[in-house]
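K.L.:
sequence-free structure coming up:
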């Protein structure tokens, strides 16, 4: 860098102009920069902090699988930036929400692209977070002393699900409305507090104006703050306890994080963001007709990451819906939370924790099968229009 | 020098009991401040969950003659309701079924499972939920599927030449 700056200007005969002055001037400039750097370093310690983390030794065998966390962080930052941009054009009221999203998509320059980034970004995050969790699970990286890192990671996963669920309604189209009707009814099946919880989430008996403002406030205020806090704790713990190396320690010298692992991270980010941008450019996110509580033509179907639960609910016998809505998802969440204490094997090797690996594989297989079944099942054709609109308008009170 | 000075102050004023009491007081003040802000905020945001809106009333839907015996018809109507901070005209729908004995049933299309809208399949004379596959007969009774009970029937009456329903 310094060599690039220190390029002497030459005369037509090829001799450097001010050959005696150019070098001292550059030196002075470098000296001033160094002074500024020292001044900042003395007060913040930021350069030492960065250098310490860039030089962190990575155990031999750490490679491409360990790049998912960084990709996830980058995708989250993109969600923050695009979400902030979308919020500038969005109006969270039943009268204007759908209209403002339509306006963003059709009229605002680059609106469809920004909305596409946010929409496909949420799907990509779900995909990457699942891969990240599976990697940690199969590598047994949640074992002592990394139990809390895993626990905070599970909390981050739950927050991401909450992000997806609350972001859904904001579009205020048929899909958004009915997914929220079903989603809040699922919350309503929680024993004892279900009825209260349903009305708390909806802001009343029905999905309406208060539901929209609630979901909006949770989506753009509460969840981002919680996510930033949890992510900061997660990263702190990862750095404090260092990355878990391969299950079987490998021969070789540790390599510093920079430039080797950071280069892999950069390549994966490049590929991930490339995929995201391609999706945003090629596939415009759908916008269905405006939410209509009277409509029966629309068959509600959630996004792909909730399809497993959607299909599970079809399998539940009458009067046992709570099994599908609360018990089974609750048991999976509880299993994830308690995993570091359930798996008591001191070894991280899959061969020495067979029942945990087998159970994990079964759960992944079942969720995968249900999700695939949901993706493959075509929604039924809309019924013939038999509705007759009555003109009666009644004031309720 | 500075450390000596601090030690002197500490010896004059500090004691484990004093530190403990002050520590407790700091904790109580913090809890008071947090509770003083959080309690009203929780009360504020949960207020819509405590209030139930009684938006009931009788609504005229169809001319009495418009529904033939054995016919099931989806009727959509509009109501002015209080929706959060505003009065809004909402669309609702209901299935009206005139039985062969002449009586009229009004069936709420909301599936009692998870709230999707059921569709009436004329060929099979069944209401089917497109979400999770619940099936109901013409009277709204549960035939098969996940729903815990049959469809909700709304009170009806025939008066002034019209079919009326009552919303709860």
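P.N.:
Good, I have the coordinates. As the structure is a prediction and not an experimental result, all values here were calculated from the model. Numbers count the residues shown, from 1 in each chain, chains lettered A, B, ... in the order given.
K.L.:
where does chain B have low pLDDT?
P.N.:
Low-confidence segments of chain B, defined by pLDDT under 70, are located at B:1-13, B:51-56, B:168.
K.L.:
okay, now the domains of chain A?
P.N.:
Annotated domains of chain A cover A:2-44, A:64-247+A:254-298 [automatic domain parsing].
K.L.:
looking only at pLDDT, what's the mean for the longest one?
P.N.:
When pLDDT is averaged over domain A:64-247+A:254-298, the result is 95.
K.L.:
That domain vs chain B: in contact?
P.N.:
Yes. Where contact is defined by CB under 8 Å from any CB of the partner chain, part of domain A:64-247+A:254-298 touches chain B, namely A:94-95, A:178, A:181-182, A:185-186, A:196, A:199-200, A:202-206, A:208-210, A:213-214, A:292-296. Heads up, the C-betas are built off the backbone N, CA and C, glycines and all.
K.L.:
Any idea how far apart the tips of that domain sit?
P.N.:
In domain A:64-247+A:254-298, first residue to last residue: 43 Å (CA to CA, to the nearest Å).
K.L.:
Give me the distance from that domain to the chain's centre.
P.N.:
Remark: domain A:64-247+A:254-298 is offset 4 Å from the chain centroid, using CA atoms, centre = their mean, to the nearest Å.
K.L.:
ok so, going back, redo the domains of chain A as a markdown table? Include mean neighbour count.
P.N.:
Putting the domains of chain A into a markdown table (neighbours: other CB atoms under 10 Å in any protein chain shown) gives the following:
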| stretch | mean neighbour count |
| --- | --- |
| domain A:2-44 | 10 |
| domain A:64-247+A:254-298 | 18 |
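K.L.:
Quick check: which of those domains is nearest to residue B:46?
P.N.:
domain A:64-247+A:254-298 (5.8 Å; CB to CB).
K.L.:
what does stretch A:131-144 rub up against?
P.N.:
Residues outside stretch A:131-144 that contact it (CB atoms under 8 Å, 6 or more residues apart in numbering or on different chains): A:65-66, A:68-69, A:72, A:149-150, A:153, A:157, A:244, A:246-247, A:339-340, A:343, A:346-350, A:353, A:357, A:360, A:364.
K.L.:
rerun that using 7 Å as the cut-off
P.N.:
Residues outside stretch A:131-144 that contact it (CB atoms under 7 Å, 6 or more residues apart in numbering or on different chains): A:65, A:68-69, A:72, A:150, A:157, A:244, A:247, A:339-340, A:348, A:350, A:353, A:360.
K.L.:
go on, stretch A:205-218?
P.N.:
The contact list for stretch A:205-218 (CB under 7 Å, 6+ apart) reads A:92-94, A:97, A:166, A:169-170, A:172, A:177, A:180-181, A:184, A:199, A:202-204, B:48, B:52-53, B:83-86.
K.L.:
Please repeat the previous calculation with a cut-off of 6 Å.
P.N.:
Identification of contacts with stretch A:205-218 by CB atoms under 6 Å, 6 or more residues apart in numbering or on different chains yields A:92, A:94, A:166, A:169, A:180, A:181, A:202, A:203, A:204, B:48, B:83, B:84.
K.L.:
contacting residues for residue 116?
P.N.:
Let's take chain A. So residue A:116 contacts A:280, A:285 (CB under 6 Å, 6+ apart).
K.L.:
Actually, chain B is the one I wanted.
P.N.:
A:300, B:129, B:131 are the contacts of residue B:116 under CB under 6 Å, 6+ apart.
K.L.:
mind giving me a markdown table with those and columns for distance to residue A:39 and secondary structure?
P.N.:
Shown next, in a markdown table, are the contacts of residue B:116 (distance: CB to CB, whole Å; DSSP: H, G, I helix; E, B strand; the rest coil):
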| residue | distance to residue A:39 | secondary structure |
| --- | --- | --- |
| A:300 | 60 | coil |
| B:129 | 69 | coil |
| B:131 | 64 | coil |
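K.L.:
Can you tell me which of those is closest to residue A:317?
P.N.:
Scanning the contacts of residue B:116 for proximity to residue A:317, where the rule is CB to CB, the winner is residue B:129, at 15.0 Å.
K.L.:
ok, the residue nearest to that closest one when sequence neighbours are not counted - how many residues close by?
P.N.:
Once flanking residues are discounted, residue B:129 sits nearest to residue B:111: 4.2 Å by CB to CB, 6 or more residues apart in numbering or on different chains. The burial count assigned to residue B:111 is 26, neighbours taken as other CB atoms under 10 Å in any protein chain shown.
K.L.:
correct me, but residue B:111 touches residue B:127?
P.N.:
No. Counting by CB atoms under 6 Å, residue B:111 does not reach residue B:127; the two are 8.6 Å apart.
K.L.:
Give the residues shared as contacts by the two.
P.N.:
Here residue B:111 and residue B:127 share the contacting residues residue B:118, scored by CB under 6 Å, 6+ apart.
K.L.:
and residue 60, how many neighbours does it have?
P.N.:
Just going to use chain A. 15.
K.L.:
hm, I was asking about chain B
P.N.:
Other residues near residue B:60 number 18, with proximity taken as other CB under 10 Å.
K.L.:
and the host helix or strand of it, is it in reach of chain A?
P.N.:
Using DSSP states H and E, residue B:60 sits in strand B:57-63. Yes. Using CB under 6 Å from any CB of the partner chain, we find that strand B:57-63 touches chain A at B:57, B:59, B:60, B:61.
K.L.:
which of these lies closest to residue B:140?
P.N.:
Among these, residue B:61 lies closest to residue B:140 (CB to CB), at 16.9 Å.
K.L.:
Identify the residues contacting that closest one.
P.N.:
Residue B:61 neighbours (CB under 6 Å, 6+ apart): A:390, B:75, B:77, B:163, B:165.
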